[in-house]
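Participant: Got a sequence here, can you model it:
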Amino acid sequence: MNRRELLLGAGGLVAAASLSPAYGFEREGNRRILVFSGNQPVPILDPHQRYDWSTRMMQRCLYDSLVRYEGAPARIIPWLAESWETSADGLTWTFRLVGNARFNNGDALDAEAVRYSFQRGLRLNKGISWMLSRHLKPENVVAVDARTVRFTLERAYPDFISFLPLWFVVNPKQVMANVDGDDDGQKWLTTNAAGSGPFTIRRWDGQTVMSLAAVPDYWKGWPMPDADRPAGVIYRVMRESAPRKAALQRGEVDIAAGLTPDDLEQLERMPNMVVTNDTGAAPFAIMMNTQRGPTADINLRKAIAYAFDYEALIAIHKGDAKLLDGPFPFVTEGRIALDMPRQDLDRAKQYMARTATPQGGFELEYLQVAGHEVQRQIGLVLLNCLQPLGIRVNIVGQPWPTLIGRGANPETAASMTAVYVTPVTTSPDTVASQYASSAAGQFWGIHHLRDAEIDRMVAEAAVELDTAKRMALYATIQRRVVDLQPVIFGMAANQRWAMRSYVRGFQHQALNLTGEVDLFPLFAARG
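Facilitator: Residues are numbered from 1 along each chain as shown. Have a look, this model is predicted:
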């Protein structure tokens, strides 16, 4: 372990006075180590069990997928697969793998590994499984030969390939060698990796510090000159924005996510600092529990929606955000603009009058991610806006794993939960299915909405091959969701990261999850 890891493991409370103000990278030989900081831990690394922004950021360092998203607007590019084709009826997808991919332990990455990985993801029925489980049975993933894998769908699914960047390939030999009982290797893969990605694990503490070593001979090659390739990356968890900002200024951190608009505004004015500002695609929503408590009443949900001050969201973000004009994010195919609720206290009181408690007199819990200052400020706006309705708001901050754990069950879900839900693909099915009954309990479905009409339309639209009919269904779904008001549709904040000016290779990708950065292309400019 080098000096920087010791410093970070201790909490990074002591300024690294010996570090050059021009370069915050810790050196390992003649190479530097990039330090990234965010507020969210990585409690489960297994790519088939879980994904959220911090988890997927680490998974992308350690694993590879058949294809990836690149650019803005996002497009699919080959990765482990060098080519693919689809049958005329849309049922069969066949992928031809590159010939040089290897796992980091030296094993060849072949079609059998792809087959095993997709079957495992579907079999575990966790995390990413929802993306394909409606359309693909495990036994219908077949390794045709060493470099060819075939997927046969239950029904034609036009958006099949749009989900594949989130399905990572694991080494079957490593996983099966570490099975504990019938757990399919889940315990071992919680803190270990069996991947082929550009980094390997050096030190892992998913709650505080994760240190990764670069793979010098990574099969895909590195995007920067060899002399610039970093020795590794460190992800340091700091739950509050202020310490992240201070660490960035001191040179203990080289790039940071999740900083408050105030902190970003200050950093923009500082020398040797760069702050990105790109259009975001992750809608912020306050999900309301539609099954239990006062918010099970649609009239109360409408009252809250019309009482809320939406313009305050723009002010909190210093103008670097855009109000949502429907349930679908701006990057989603088939999105339509709708007449959305905006602050109108008279209309809010009209809906309140239709509830069983027209004068209020009760308290609602607003649950946010602990340490997320923007969500806390939004909670204060909500508190003020609901006072005229006689509703008290209890603002509660809890760690992300606790928040989503509570949200998994309507009995324990808060009345209102603050959540960012990146669409992860350009597929309209991705977003529409967030409001189907099958989404209940996932972090994008903490609202627990159950509506037979939406369920029917989501299922029908997903497999409709006629584009016009498909888009018409998605338009109807969007209108129905707004009518039912399961959430307060907020804004999409611009994607913003702060970094030292020597950091190179940063790539904006709107489909990245919240604070997620592709760490693979980052390096330090020589000087």
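Participant: in stretch 201-213, what counts as buried?
Facilitator: Neighbour-count burial for stretch 201-213, with 16 or more other Cβ atoms under 10 Å as criterion, is recorded at Ile201, Arg202, Trp204, Gly206, Val209, Met210, Ser211, Leu212, Ala213. Yep, even glycine has a C-beta here, placed from its N, CA and C like the rest.
Participant: Contacts for that stretch, please.
Facilitator: Contacting residues not belonging to stretch 201-213 are listed as 1, 5, 8-9, 41-45, 58, 61-62, 191-193, 199-200, 231-237 [Cβ atoms under 8 Å, 6 or more residues apart in numbering].
Participant: from those residues, which would you call buried?
Facilitator: The neighbour count (16+ other Cβ under 10 Å) marks 5, 8-9, 41-45, 58, 61-62, 191-193, 199-200, 231-237 as buried among the contacts of stretch 201-213.
Participant: Make a markdown table out of the buried residues of stretch 201-213 and add pLDDT and secondary structure.
Facilitator: Conversion of the buried residues of stretch 201-213 to a markdown table gives the following (pLDDT from 0 to 100; DSSP: H, G, I helix; E, B strand; the rest coil):
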| residue | pLDDT | secondary structure |
| --- | --- | --- |
| Ile201 | 97 | strand |
| Arg202 | 96 | strand |
| Trp204 | 94 | strand |
| Gly206 | 91 | coil |
| Val209 | 94 | strand |
| Met210 | 95 | strand |
| Ser211 | 95 | strand |
| Leu212 | 97 | strand |
| Ala213 | 97 | strand |
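Participant: who's sitting farthest from the centroid in this protein?
Facilitator: Among the residues of the chain, the one whose C-alpha is farthest from the average of all C-alpha positions is Gln359, by Cα atoms, centre = their mean at 38.9 Å.
Participant: how deep is Asp262 tucked in, by neighbour count?
Facilitator: As a burial measure, the neighbour count of Asp262 was computed by other Cβ atoms under 10 Å and equals 16.
Participant: what does the one 10 residues further on give?
Facilitator: Neighbour count of Asn272, defined by other Cβ under 10 Å: 13.
Participant: Over to Ala337?
Facilitator: Applying other Cβ under 10 Å, we find 10 residues neighbouring Ala337.
Participant: Tell me if I'm right that Ala303 and Lys349 touch.
Facilitator: Yes: using Cβ atoms under 8 Å, Ala303 is in contact with Lys349, at 7.4 Å.
Participant: tell me, what's touching those two both at once?
Facilitator: Counting by Cβ under 8 Å, 6+ apart, the contacts common to Ala303 and Lys349 are Leu389.
Participant: Compare those two (neighbour count), which wins?
Facilitator: Neighbours were tallied for Ala303 and for Lys349 using other Cβ under 10 Å; the higher tally belongs to Ala303 (28 against 15).
Participant: and that one, which of the three is it?
Facilitator: In three-state terms, and counting by DSSP: H, G, I helix; E, B strand; the rest coil, Ala303 is helix.
Participant: cool, and the one 10 residues further on?
Facilitator: Leu313 falls in the helix class when you classify it by three-state DSSP.
Participant: Just to check, it is in contact with Ile378?
Facilitator: Yes: between Leu313 and Ile378 there is a contact at 6.8 Å, judged by Cβ under 8 Å.
Participant: Please enumerate the shared neighbours of those two.
Facilitator: Common contacts of Leu313 and Ile378, defined by Cβ under 8 Å, 6+ apart, comprise Phe284, Gly490.
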